[in-house]
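Participant: Provided below are the primary sequence and the corresponding predicted coordinates.
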Amino acid sequence: MSNRPLVIWWIRRDLRLADNPALTAALASGAAVLPVYILDAQDDALGAAPKFRLGLGLEHFGRELAKAGSRLILRRGNALEQLRQLIAETGAGAVYWSRLYDPAAKARDTDVKKQLKAQGIGACSFGGRLLFEPWTVANKAGGMFKVFTPFWKAVRDRAVDGLQPAPAALPAPQNWPASDELAAWSMGAAMHRGVEIVARHCRVGEAAAQDRLGAFLETSVAAYKARRDFPGEDATSGLSENLAWGEISPHRLWHLGLAAMGHGGQGTETFLKEVVWREFAYHLMHHSPGILTRSWRPEWEAFPWQEAETPELQAWRRGQTGYGFIDAAMRELFVTGKMHNRARMITASFLTKHLMMHWKLGMDWFAETLVDWDPASNAMGWQWVAGSGPDAAPFFRIFNPSGQLEKFDPAGLYTRRWIAEGQGTPPQTALDFFAAVPRSWNLLPDALRAAPIIPLQAGRERALTAYHEMRQNR
């Protein structure tokens, strides 16, 4: 082995070369850099769609590292054990990584840092996933923000770390340790026959993400505020999957967004607020990690949501509720692994209010089916709609899916794109749903449309009655 020092760059959800503080620090150390991804129990337990998308990201990133004269070393198992093994094999003197913020990752990383330092190995964690570290943002009393608007006002004028170009090359170790084969991990196995269909809708990698951002800021951002709620239009950035896997940094969205303020106006400001809305979700998860598993407002633990498997829950998952907005959205999810944000609100409201199913059932289904799954955003989004979370929509705000469809899809672009039944010549997007779903669902495109599973007014009244009874019993 060479006498040149070696740093292990422990890659997690930061599949990019630009704007990556951990990588920048590793390069600045003058050491050779060993890029390593470890599939530990936490990532091995990901839902079908996010695990599949992670696999696509790793495959692509491995090719990008090769272009930079490097390699992506893959290992599977306990993270600390695998890092120690690599240190023993390579003589690495330090491990650098980008921080994650969910409770399980924080516990793992804290232990890894402690154990490595006790072993005399340098262990350094860096930001990069967020504009602001969650513990650096506090209200005037020194506590956490519980409402978004004051959070936005507190951070909108703060300095944000600048952008860093991708290095042209990474200094390689003299000898490379053995690596697992990505194909052997079968990252898409749980997707079954939906693999190829969902893959067609994924835009993977750093270059694709930057191209997407550039096109959005050039052509669409000015109309973003006015058109972002129309799911049949291409009016959003579509960057959620790239942010989820760290293929682009929020810093790039922020700085390039600010640069576009001149021609984007209010649309750009609204876009920047959405970037900070993601920050708010992480702020909440850091300060109150229970938001991932229980109602953020304790009184909502007494609300009589149903938690059992029911035919109504099954119909919701399968896009068979009989309501166009709901069914189109749930089918879009199954075909693309994504769902328009307005549609996420409508489907969540229908499940938690009209059907009175627990928000955790919806959150868990999204964790299984979203390629852009993000623990903080997913949990906050579901609790926001359900009424149990911070800065939540009032429970009595019950979205009417039929009225929402008339308002935001008046020409039927969205429903025609995703619902085949009743169309003489359905588009391929609608037909792909039937090719992607499990055969056991027994769904056919030439069947009759599902009848509504619940009258909207009856569902609304039942939910409001339960809400008022809960308040009276507090």
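Facilitator: That came in fine, so what should we check first? Quick caveat: nothing in here was measured; it's all calculated off a predicted structure. Residues are numbered from 1 along each chain as shown.
Participant: So which bits of stretch 401-419 are buried?
Facilitator: Across stretch 401-419, burial judged by 16 or more other Cβ atoms under 10 Å covers 401, 404, 405, 408, 409, 414, 415, 416, 417, 418, 419. Placement of C-beta: from N, CA and C, glycine included.
Participant: what ranges do the helices span in the stretch 201-350 of the chain?
Facilitator: Here the stretch 201-350 of the chain has its helices, by DSSP state H, counting those that start in this stretch, at 206-219, 224-227, 240-244, 250-259, 261-287, 311-317, 324-336, 341-349.
Participant: ditto for the stretch 351-474 of the chain
Facilitator: Along the stretch 351-474 of the chain, the stretches classed as helices by DSSP H, counting those that start in this stretch are 359-369, 375-386, 401-408, 413-418, 428-436, 456-472.
Participant: right, so of those helices, which gets closest to residue 20?
Facilitator: Ranking the helices of the stretch 351-474 of the chain by proximity to residue 20 (Cβ to Cβ) places helix 375-386 first, at 20.1 Å.
Participant: Summarise which helices and strands that closest one is packed against.
Facilitator: Secondary-structure packing of helix 375-386 (3 or more Cβ pairs under 8 Å, 6 or more residues apart in numbering; DSSP states H and E): helix 261-287, helix 341-349, helix 359-369.
Participant: Can you pull out the residues in contact with the shortest one?
Facilitator: To tie it back to what came earlier, the one meant is helix 341-349. Residues from elsewhere that reach helix 341-349, judged by Cβ atoms under 8 Å, 6 or more residues apart in numbering: 228-231, 236, 316, 325-326, 328-330, 332, 339, 359, 362, 366, 381-382, 385-386, 397-399, 401, 404, 408, 414.
Participant: hmm, 7 Å instead?
Facilitator: With contact meaning Cβ atoms under 7 Å, 6 or more residues apart in numbering, helix 341-349 is reached by 229, 231, 325-326, 329-330, 332, 362, 381-382, 385-386, 398-399, 401, 404, 408.
Participant: next one: the last one
Facilitator: In this structure, residues lying in contact with helix 359-369 by Cβ under 7 Å, 6+ apart are 47-49, 307, 313, 317, 333-334, 337, 348, 351-352, 373, 378-379, 382-383, 386, 388.
Participant: Next SSE downstream of the one helix or strand residue 38 maps to?
Facilitator: According to DSSP states H and E, residue 38 maps onto strand 32-39. Where DSSP H and E defines the elements, the next helix or strand beyond strand 32-39 is helix 41-44.
Participant: measure residue 153 to residue 138 for me?
Facilitator: Per Cβ to Cβ, to the nearest Å, residue 153 is found 13 Å from residue 138.
Participant: higher neighbour count, these two?
Facilitator: Per other Cβ atoms under 10 Å, whichever of residue 153 and residue 138 has more neighbours is residue 138, with 14 against 10.
Participant: Show me the strands in the stretch 51-200 of the chain, by range?
Facilitator: Using DSSP state E, counting those that start in this stretch, the strands of the stretch 51-200 of the chain run over 73-76, 94-98, 122-126.
Participant: closest to residue 171 out of those?
Facilitator: Residue 171 lies closest, by Cβ to Cβ, to one member of the strands of the stretch 51-200 of the chain: strand 94-98, at 13.8 Å.
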